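Trainee: Would you be able to build a 3D model of this:
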Amino acid sequence: MARGDHLYVHCIGYTHHGIDCGDGTVIHHPGKLDRKIYVAIARTSMALFSFGKQVFIKKYGRCNLPGVVIQRAKSQLGQPGYNLFDNNCEHFATWCKTGKKGSEQVTRATSTATGSIGSGAAVAGGIGVVSATGAAVGLSGAGIMSGLATVGRVVGGGAVAGINVLGAAPALATTAAMNEVLKDNESLSKAEREARVVGRTMTTAGAVAGSVAATGAISAAGSVAGLSAAGITSGLAAIGGTVGGGMVAGVAITTAAPAVAAAVVGYGAYRAWRWLSNYQDTQVDTGLEIEVDTSTSKLGTCSLKLNTCTSKPELLTSEQKTPASKLGTSSKKLHPPRKRLEALRSELNRPRKKLG
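Mentor: Predicted structure coming up:
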């Protein structure tokens, strides 16, 4: 760890973020998630920040100097106003590092929700179009085939083209959501930016592959092979039968397939590229084990154990500094003047011979 680092720990369902002050303390929004709105930004010990969890350092490609980061973090001490969606602990830490608020957690959650809702609405809308546009209105076998053929004629095709056209809308919604999740940012590390480019590219490729796979499944799944009217009818019925439905369910599954493939292939490629690049945020060994007792206060109290001894020193206040020995780090590195000061005190206290 170093002064000005962006630290985070994994909690259940979210990550908690803060700024390392370089002396064993962290500036962050303390407390449990449901209590943060009542607590101001504070400077606490590393123990209270991590609560015994593994601490990671977030990597940046371009960010402010440590002095600027610390100055920004200190300027917010005592400030309330926590908001999960636009002023959470990650917004705060990212702003300290880059001057711009941002939360990958919020972006990921909102984009995923928007993409899912948009894709679901597009699939439902597509079924409605099929029901209403054909020569035979309704969702009978004849009505579905007639509706698909009508939609397919928009692009100069037949029923198969109609399925691909209906699948384009949910695929576009998912692609837009994935592009937002994996959008580029110059403050990110080079490896992360490369992985995101791969993810965005493969999202589009996944959508195309999903459409091709859906057509192939229709052709092969039914009792009548091929893409004739009878083949499409039996294929859709067979696919729908996998979830206990009929042709309507088959249409829903095949039109949703490109969207699902886009998300799975795109995000999978992003994660795979990160793994192949051996990219990961740095783990920090704080040398601390925490026992939490939440019965004594809203934030909970901690008792601190050292990995190297059995003593249990008290937690520090927000303005006290944790000695380097409690962090598993050489005290000489963190406090160079200490040994010289101790030597000077020893010299001054040494008995002197009387003159004369």
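Trainee: how about Lys58, what does it touch?
Mentor: The contact partners of Lys58, taken as C-beta atoms under 8 Å, 6 or more residues apart in numbering, are 5-8, 17, 93, 281. (Each C-beta comes from the backbone N, C-alpha and C, glycine too.)
Trainee: Please, where are all the helices along this protein?
Mentor: All helices of the chain, identified by DSSP state H, fall at 46-50, 66-75, 89-98, 104-133, 141-152, 159-181, 190-221, 229-241, 247-276, 331-334, 337-349.
Trainee: Compile those helices into TSV and extend it with columns for mean neighbour count.
Mentor: Formatted as TSV, the helices of the chain follow (neighbours: other C-beta atoms under 10 Å):
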stretch	mean neighbour count
helix 46-50	24
helix 66-75	17
helix 89-98	24
helix 104-133	17
helix 141-152	22
helix 159-181	23
helix 190-221	19
helix 229-241	21
helix 247-276	22
helix 331-334	12
helix 337-349	10
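Trainee: any idea which of the contacts of Lys58 has the most stuff around it?
Mentor: Ala93 (30 neighbours; other C-beta atoms under 10 Å).
Trainee: May I have the beta-bridge partners of the residue nearest to that one when sequence neighbours are not counted?
Mentor: Computed as C-beta to C-beta, 6 or more residues apart in numbering, the closest residue to Ala93 that is not its neighbour in sequence is His17, at 4.0 Å. Following DSSP bridges, His17 is listed with bridge partners Tyr8.
Trainee: Surely His17 is in contact with Asp5?
Mentor: No. In this structure His17 lies outside contact range of Asp5 using C-beta atoms under 8 Å: 10.9 Å.
Trainee: ok, Gly162 to Gly134 distance?
Mentor: Distance from Gly162 to Gly134, counting by C-beta to C-beta, to the nearest Å: 10 Å.
Trainee: Which residues are in contact with each of these two?
Mentor: 147-150.
Trainee: Closest one of these to Val181?
Mentor: Minimum distance to Val181 across those is 32.0 Å, recorded for Leu148 (C-beta to C-beta).
Trainee: show me the contacts for the closest one.
Mentor: Contacts of Leu148 by C-beta under 8 Å, 6+ apart are 130, 134, 158-160, 162-163, 166, 232, 251.
Trainee: how about JSON lines for those residues, with pLDDT and distance to Gln71 added?
Mentor: Below are the contacts of Leu148 laid out as JSON lines (pLDDT from 0 to 100; distance: C-beta to C-beta, whole Å):
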{"residue": "Val130", "pLDDT": "93", "distance to Gln71": "61"}
{"residue": "Gly134", "pLDDT": "84", "distance to Gln71": "67"}
{"residue": "Gly158", "pLDDT": "93", "distance to Gln71": "66"}
{"residue": "Ala159", "pLDDT": "93", "distance to Gln71": "65"}
{"residue": "Val160", "pLDDT": "92", "distance to Gln71": "62"}
{"residue": "Gly162", "pLDDT": "95", "distance to Gln71": "61"}
{"residue": "Ile163", "pLDDT": "94", "distance to Gln71": "58"}
{"residue": "Leu166", "pLDDT": "95", "distance to Gln71": "55"}
{"residue": "Ile232", "pLDDT": "95", "distance to Gln71": "66"}
{"residue": "Val251", "pLDDT": "95", "distance to Gln71": "59"}
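Trainee: mind putting these in a markdown table, distance to Leu182 included?
Mentor: Output for the contacts of Leu148, formatted as a markdown table (distance: C-beta to C-beta, whole Å):
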| residue | distance to Leu182 |
| --- | --- |
| Val130 | 32 |
| Gly134 | 39 |
| Gly158 | 36 |
| Ala159 | 34 |
| Val160 | 31 |
| Gly162 | 31 |
| Ile163 | 28 |
| Leu166 | 26 |
| Ile232 | 35 |
| Val251 | 30 |
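Trainee: re earlier: now for the contacts of Lys58, which pair is the farthest apart?
Mentor: Farthest apart among the contacts of Lys58 by C-beta to C-beta are Ala93 and Asp281. That separation is 12.8 Å.
Trainee: Touching both of those two, which residues are there?
Mentor: Taking C-beta under 8 Å, 6+ apart as the criterion, Ala93 and Asp281 both touch 8, 58.
Trainee: dump the residue contacts of the closest residue to Ser103 other than its chain neighbours.
Mentor: Nearest residue to Ser103 in three dimensions, chain neighbours excluded: Glu90, at 4.2 Å (C-beta to C-beta, 6+ apart). By C-beta under 8 Å, 6+ apart, Glu90 lies in contact with 8, 15, 17, 102-106.
Trainee: isn't His91 right up against Glu104?
Mentor: No. Here His91 does not reach Glu104: they are 10.4 Å apart, not a contact under C-beta under 8 Å.
Trainee: got the CA coordinates for stretch 36-52 in PDB?
Mentor: Extracted in PDB, the C-alpha atoms of stretch 36-52 (Å, rounded to 0.1, in the frame of the first residue of the first chain):
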ATOM      1  CA  LYS A  36     -24.100   4.900   5.900                       C
ATOM      2  CA  ILE A  37     -26.700   7.600   5.300                       C
ATOM      3  CA  TYR A  38     -26.400   8.500   9.000                       C
ATOM      4  CA  VAL A  39     -22.600   8.700   9.100                       C
ATOM      5  CA  ALA A  40     -20.200  11.300   7.700                       C
ATOM      6  CA  ILE A  41     -16.900  10.600   5.900                       C
ATOM      7  CA  ALA A  42     -14.300   9.800   8.500                       C
ATOM      8  CA  ARG A  43     -10.700   8.800   8.900                       C
ATOM      9  CA  THR A  44     -10.500   5.500  10.700                       C
ATOM     10  CA  SER A  45      -8.000   2.700  11.300                       C
ATOM     11  CA  MET A  46      -7.300   0.100   8.600                       C
ATOM     12  CA  ALA A  47      -9.000  -2.400  10.900                       C
ATOM     13  CA  LEU A  48     -12.300  -0.500  11.000                       C
ATOM     14  CA  PHE A  49     -12.200  -0.100   7.200                       C
ATOM     15  CA  SER A  50     -11.500  -3.700   6.300                       C
ATOM     16  CA  PHE A  51     -13.300  -5.500   9.100                       C
ATOM     17  CA  GLY A  52     -11.000  -8.500   8.600                       C
END
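Trainee: No more questions from me, cheers.
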